[in-house]
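K.L.:
A structural model of the following input is requested.
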Amino acid sequence: MESNSKNKVKQPPILFDKTQAIIKELNKKLGGTLITYFNNPRGSVCHDDVLALFELLEKIGHQQKIYLFIKSSGGNGQASLRLVNLLRQYCEKVIAVIPLECASAATMITLGANEIYMGPMAYLTPVDTSLTHALSPIDRDNDRVSVSLDELTRVVRLWQSQKSDKNENENPYQQLFQHVHPLVIGAVDRAESLSIMLCKELLAYHIKEEKIQDRIANALNAKYPSHGYPILFEEAKRVGLKVSHLTPEINSLLLELNELYSEMGQRATTDFDDTHAHSNEILNIWETSGILVHFQQDKDWFYRTEERRWISLNDNSTWRRTLKVGNKIEKSILHIS
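P.N.:
Presented below is the predicted three-dimensional model:
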């Protein structure tokens, strides 16, 4: 496109030197090795994260204790199990450090940790079934949205409570199928018991009593009225999780790190004209001493006027690695997907 060549495509900043300095300081104050995991608002826990984490663990080798910083709104619970399983092969003890949001599948990751350190703004959430299917509804940004069993059940219950005698014999799913594909509903229903199974398997890494596993897993899956309900420190303790307070000094450094990652994760959009644009956005970040691995979404966008929506073109999204070798910084593409 001729107009595109006149515009320099904006790139998100890679603040490697700054984040490495904070990680170095945190390693000293924690007395162990810190690994960081950050999702921007459009990033999520996914299976590719396992290979990204493997890159870090191979770099640092086996550790006695690993501190895992998590800031994420969730994602794939099965990926959470794989991440914890991988971590456990490289250390004797995992401690989750949570300064802010650690929701859904990210909460699942903390269940596999021996201890959870929470800051004054930290929260976990319930982990009841919610999934993004290939046939899920599409939002205004042309992304698939997650669908939860609780939401579907509430819609049906509301419909049944308000139906009149005239539509008494109508099936509520006939109306629901117009908005949510039947296969999506089937997949959500099948996944209902999956979350409890995942929770119990994660807890089993450090809790051997099945009754305690059952109590915690059932509470996180069925106790709360909302998937996003914030489970704060005292409630996490009541649920049965082993939680402690982050010291103000550690919490402050983690918030500094989060601020840098948030700056890296801002969407960099280059507008060429009214209907053509390009976006670069860092969605997922993994980092430890000497290495940073991130997933960068890299796409052209075209506004299809007749449909009134943006569609993506020329998707060059990739995982990328920043590695410190001696006094040099090496950057490369990491072929994961």
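K.L.:
Contact partners for the nearest residue to residue 207 once chain neighbours are set aside?
P.N.:
Excluding its sequence neighbours, the residue lying closest to residue 207 (C-beta to C-beta, 6 or more residues apart in numbering) is residue 213, at 5.7 Å. In this view, the C-beta of every residue, glycine as well, is placed from N, C-alpha and C. Residues near residue 213 by C-beta atoms under 8 Å, 6 or more residues apart in numbering: 199-200, 203-204, 207.
K.L.:
Now with 7 Å, please.
P.N.:
200, 203-204, 207 (C-beta atoms under 7 Å, 6 or more residues apart in numbering).
K.L.:
now swap in residue 214 and tell me
P.N.:
Going by C-beta under 7 Å, 6+ apart, the list of residues near residue 214 reads residue 200.
K.L.:
With the one 4 residues further on instead?
P.N.:
With contacts taken as C-beta under 7 Å, 6+ apart, residue 218 has the following neighbours: residue 196.
K.L.:
if I've got this straight, it is in a helix?
P.N.:
Yes - under DSSP: H, G, I helix; E, B strand; the rest coil, residue 218 sits within a helix.
K.L.:
Next one: it from residue 123, what distance?
P.N.:
Using C-beta to C-beta, to the nearest Å, one gets 20 Å for the distance from residue 218 to residue 123.
K.L.:
what pairs with residue 300 across the strands?
P.N.:
Note on residue 300: beta-bridge partners residue 278, residue 313, judged by DSSP bridges.
K.L.:
what number of residues lie near it?
P.N.:
Residue 300 has 19 neighbours, counted by other C-beta atoms under 10 Å.
K.L.:
Now do it against residue 17, distance only.
P.N.:
For residue 300 relative to residue 17 (C-beta to C-beta), the value is 31 Å.
K.L.:
cool, and residue 63?
P.N.:
24 Å.
K.L.:
again, but for residue 204
P.N.:
40 Å.
K.L.:
Equivalent analysis for residue 177, please.
P.N.:
53 Å.
K.L.:
Give me the more crowded residue out of those two.
P.N.:
residue 177 (13 against 9).
K.L.:
tell me which element the closest residue in space to that one that isn't next to it in sequence is part of?
P.N.:
Excluding the flanking residues, the one nearest residue 177 by C-beta to C-beta, 6+ apart is residue 185, at 7.8 Å. Per DSSP states H and E, residue 185 falls inside helix 182-190.
K.L.:
Tell me how many other residues crowd residue 142.
P.N.:
11.
K.L.:
That one touches residue 308, doesn't it?
P.N.:
No - assessed by C-beta atoms under 7 Å, residue 142 is found out of contact with residue 308, at 11.4 Å.
K.L.:
one step back: now the helix or strand harbouring the residue nearest to residue 207: buried residues?
P.N.:
Residue 213 belongs to helix 210-222 when assigned by DSSP H and E. For helix 210-222, the buried set under the neighbour-count rule, 16 or more other C-beta atoms under 10 Å, comprises 213, 216-217, 219-221.
K.L.:
by contact count, what packs against the helix or strand just after that helix?
P.N.:
Downstream of helix 210-222, the first helix or strand assigned by DSSP H and E is helix 233-239. If you count contacts as 3 or more C-beta pairs under 7 Å, 6 or more residues apart in numbering; DSSP states H and E, helix 233-239 packs onto helix 210-222, strand 243-245.
K.L.:
hey, least reliable of the ones you listed by pLDDT?
P.N.:
Lowest mean pLDDT within the helices and strands packed on helix 233-239: helix 210-222, at a mean of 92.
K.L.:
Quick one: distance of that one to the chain centre.
P.N.:
22 Å (C-alpha atoms, centre = their mean, to the nearest Å).
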